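Engineer: Quick one: sequence plus predicted model below, questions after.
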Amino acid sequence: MTAPPAISLTGLGKAFGEHRVLAGVDLDIARGSVFSLLGPNGAGKTTMVRILATLTAPDTGTIRVAGHDVVREPDRVRAAIGVTGQYAALDKVLTGTENMHMVGRLLHLGRSETRRRTTELLERFDLAGVANRPANTYSGGMGRRLDLAMSLMGRPEVVFLDEPTTGLDPRSRRELWAVIRELVIDGVTVFLTTQYLEEADQLADRIAVLHDGRIVADGTPAELKRLTPGGHILFRFADRADLAAAARAVGHPVDHPGTDPDELTLQIPSDGSVAHLKQLLDEFTELDLTVEQLGVHTPDLDDVFFALTSRPAEPLPAAS
């Protein structure tokens, strides 16, 4: 039998006054996966996380997290989740160990279990060496790792990471990525919101784009990239005569925007396949044209994001 989803949303809606933030969102998120929600500022990402974490009530819809209804069974949902926001929720006066113990007491874990989990998690997150230092002495990356360790004290099934690497330097960001991958190996489901498209591409098994309160695309990173136009091959030629001949060969008029006489480049729409590249090179070789450089650009998540969020929300075809 197929395991039930870790998170299931049907018709999720939320408005603040006249402002509709979420407009009938449907999602199923598989257990033991990383799901990333993308969207521009104000799209409703944090509102969705707050609803799933029982911190904000939905206006409409049926929402289940770890098999529990967020409206009728909020205590069971809270017992099954961990939450980390873009700002580490630490008591800066307390040490790393004391912060962990505080969470253990809030979760009623008992002294021995709290001590055991504290030791285990601080070692896992490479914080054992600074465990007795006040949190206000931690770097941004260390503080974010401690915050995530605190969210795992209760062995959650689902962890919500709301822009967890905002403000971190590249090294600290990649360290946190490694931690997230380890969580999934352990069977934890990760719901990630992020402004860093590379982060979603690196981590997510599946990505959805939220725009104007609706999911406008949903699929694997590769599937979303295939839905978006923008792929091309850029050729640079030896001289203007070769450039002009190549442009004629592919049917580009002299004033075509893909032709740049100053840079001696010709941009040709392409899916980036080897077959298309070979076809073009063979054609240019037959014409005895000299290609000095070439570059292949296939759509990335930046292209997907800008294509979807620069216009009123209209869902793309389902990814296949």
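Structural biologist: On my side now, so go ahead. Numbers count the residues shown, from 1 in each chain.

Engineer: what number of residues lie near residue 153?
Structural biologist: A count of neighbours around residue 153, defined by other CB atoms under 10 Å, yields 22. Placement of C-beta: from N, CA and C, glycine included.

Engineer: Just the pLDDT at the nearest residue to it once chain neighbours are set aside, thanks.
Structural biologist: Spatial nearest neighbour of residue 153, chain neighbours left out: residue 103 (4.6 Å); criterion: CB to CB, 6 or more residues apart in numbering. With respect to pLDDT, residue 103 scores 93.

Engineer: Helix or strand: which one has residue 103?
Structural biologist: Counting by DSSP states H and E, the element that carries residue 103 is helix 96-106.

Engineer: Show me what counts as buried in that helix.
Structural biologist: By 16 or more other CB atoms under 10 Å, the buried positions in helix 96-106 come out as 96, 97, 99, 100, 101, 102, 103, 104.

Engineer: Give me the contacts around the helix or strand just after it.
Structural biologist: Scanning forward in sequence from helix 96-106 by DSSP H and E, the next helix or strand is helix 111-124. By CB atoms under 8 Å, 6 or more residues apart in numbering, the residues outside helix 111-124 that reach it are 96-97, 100-101, 104-105, 109, 128, 131, 149, 152-153, 182.

Engineer: In CSV, list these along with distance to residue 165.
Structural biologist: Converted to CSV, those look like this (distance: CB to CB, whole Å):
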residue, distance to residue 165
96, 19
97, 24
100, 21
101, 26
104, 26
105, 29
109, 28
128, 22
131, 23
149, 15
152, 17
153, 21
182, 16
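
Engineer: among these, which two are most distant?
Structural biologist: 105 and 182 (25.9 Å; CB to CB).

Engineer: Let me see the contact set for the residue nearest the centre of the chain.
Structural biologist: For the chain, residue 200 is the residue whose C-alpha lies nearest the centre (CA atoms, centre = their mean; 2.8 Å). Applying CB under 8 Å, 6+ apart, we find residue 200 in contact with 36, 38, 192, 194, 207, 221, 301.

Engineer: Quick check: which element contains it?
Structural biologist: Secondary structure (DSSP H and E) places residue 200 in helix 197-203.

Engineer: what distance separates that helix from the centre of its chain?
Structural biologist: Remark: helix 197-203 is offset 5 Å from the chain centroid, using CA atoms, centre = their mean, to the nearest Å.

Engineer: same deal with stretch 22-37?
Structural biologist: 12 Å.

Engineer: same deal with stretch 108-128?
Structural biologist: Distance, centroid of stretch 108-128 to centroid of chain: 29 Å (CA atoms, centre = their mean).

Engineer: Ok, stretch 174-191 next?
Structural biologist: Centroid displacement of stretch 174-191 relative to its chain, using CA atoms, centre = their mean, is 13 Å.

Engineer: Begin at 81 from now on, thanks
Structural biologist: Shifting the count to begin at 81 puts that one at stretch 254-271.

Engineer: Can you list the buried residues in it?
Structural biologist: Within stretch 254-271, judged by 16+ other CB under 10 Å, the buried ones are 255, 256, 257, 259, 260, 263, 264, 268, 269, 270, 271.

Engineer: would you list the buried residues of helix 176-186 in JSON lines and tack on distance to residue 389?
Structural biologist: Output for the buried residues of helix 176-186, formatted as JSON lines (distance: CB to CB, whole Å):
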{"residue": "176", "distance to residue 389": "39"}
{"residue": "177", "distance to residue 389": "43"}
{"residue": "179", "distance to residue 389": "37"}
{"residue": "180", "distance to residue 389": "39"}
{"residue": "181", "distance to residue 389": "43"}
{"residue": "182", "distance to residue 389": "40"}
{"residue": "183", "distance to residue 389": "36"}
{"residue": "184", "distance to residue 389": "41"}
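
Engineer: Those residues: which two are farthest apart?
Structural biologist: Spatial extent of those (CB to CB) is set by the pair 176 and 184 at 12.9 Å.

Engineer: Okay, strands next: where are they in the stretch 231-380 of the chain?
Structural biologist: For the stretch 231-380 of the chain, the strands defined by DSSP state E, counting those that start in this stretch cover 238-242, 269-273, 286-291, 294-299, 312-317, 339-340, 345-349, 371-377.
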